[in-house]
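J.: Mind looking at a prediction? Sequence and model below.
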Amino acid sequence: MSSFTSDPADMRHDIYAFLSNYFATAVRELALDVPRDDPDIIAFLLPAFARYSAGAQTANRLLSYVNRHYVKRAVDEDRGWFRLADVLAPELRAATSDPAVAHQIRELRDAELKKWGWPGPPQEFATAQAYAEAASSADAVVPVLSLAYRCFRTELIEPLLAVHKSKTTGRGKHSTPKTPSAPPPVRSRSRLARAVDALLRSENCRDEATQLQQLLRTVGIRREHTIVKRLDAFLATT
């Protein structure tokens, strides 16, 4: 990381970049301890995330200065999780004070928050927005807590959700394809999917399933993801 500069704006940017790197490094170190056996992954994830989340919430409180003076300004400059540059035509961006354009912006924002459970009770607006912030791309400036959760997603959860294709033997360009003698192999599933399979086959797993569902939502895994939908369906029927 570059040394801090004397300019306050540059210093705040450097602090934010330092925090992003700090959280990412912390999660990568956690990832080194993920069990080799898939059924043990969830028993590792839940307490590890609880400890990480407690530390992230402390950091968020201690660094409220960053949220007030860097994150808020970045959001005002259209660098937050919801960016007008992504949803509005260029000719409309300068007319955000126009009532019709302002209404369109609110509708587009609410449509995104609807994916995270909003609209609902007023107190749930901030929660839905926090989920959306954690799900944002790496270049979006978000509050410190959401930044920490985003790093947990990108450095630990998404690698566990990755599906690795089985290796196949290549054929020459002009070789004649052989008639398959057996059905093609089933594509391998992610490690976390296999861990969820094992969890839901066990007895008295509702508490763990509820905690995992909340973990995935908190770090920005979308509701349409297969694993989230499966947990939702399980919890709705038990």
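T.: Everything's here; your move. Numbering: from 1, shown residues only.
J.: Just name the shakiest helix or strand of the protein by mean pLDDT.
T.: Every helix and strand of the chain was ranked by mean pLDDT, DSSP states H and E. The lowest is helix 90-93, at a mean of 63.
J.: Report the buried residues of the very next helix or strand once past it.
T.: Per DSSP states H and E, the first helix or strand lying C-terminal to helix 90-93 is helix 99-114. The neighbour-count check on helix 99-114 (16 or more other Cβ atoms under 10 Å) flags 101, 105, 109, 112, 113 as buried. In this view, the C-beta of every residue, glycine as well, is placed from N, C-alpha and C.
J.: From the chain's centroid, how far away is helix 99-114?
T.: Taking Cα atoms, centre = their mean, to the nearest Å, one finds the center of helix 99-114 at 22 Å from the center of the full chain.
J.: got the CA positions of it in PDB?
T.: Extracted in PDB, the C-alpha atoms of helix 99-114 (Å, rounded to 0.1, in the frame of the first residue of the first chain):
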ATOM      1  CA  PRO A  99     -39.400  15.100 -10.600                       C
ATOM      2  CA  ALA A 100     -40.000  12.500 -13.400                       C
ATOM      3  CA  VAL A 101     -36.400  11.500 -13.400                       C
ATOM      4  CA  ALA A 102     -36.200  11.400  -9.600                       C
ATOM      5  CA  HIS A 103     -39.200   9.100  -9.600                       C
ATOM      6  CA  GLN A 104     -37.600   6.800 -12.200                       C
ATOM      7  CA  ILE A 105     -34.400   6.600 -10.100                       C
ATOM      8  CA  ARG A 106     -36.500   5.600  -7.000                       C
ATOM      9  CA  GLU A 107     -38.300   2.900  -9.000                       C
ATOM     10  CA  LEU A 108     -35.000   1.500 -10.300                       C
ATOM     11  CA  ARG A 109     -33.500   1.500  -6.800                       C
ATOM     12  CA  ASP A 110     -36.600  -0.100  -5.300                       C
ATOM     13  CA  ALA A 111     -36.600  -2.800  -8.000                       C
ATOM     14  CA  GLU A 112     -33.100  -3.700  -7.000                       C
ATOM     15  CA  LEU A 113     -33.900  -3.700  -3.300                       C
ATOM     16  CA  LYS A 114     -36.900  -5.900  -4.000                       C
END
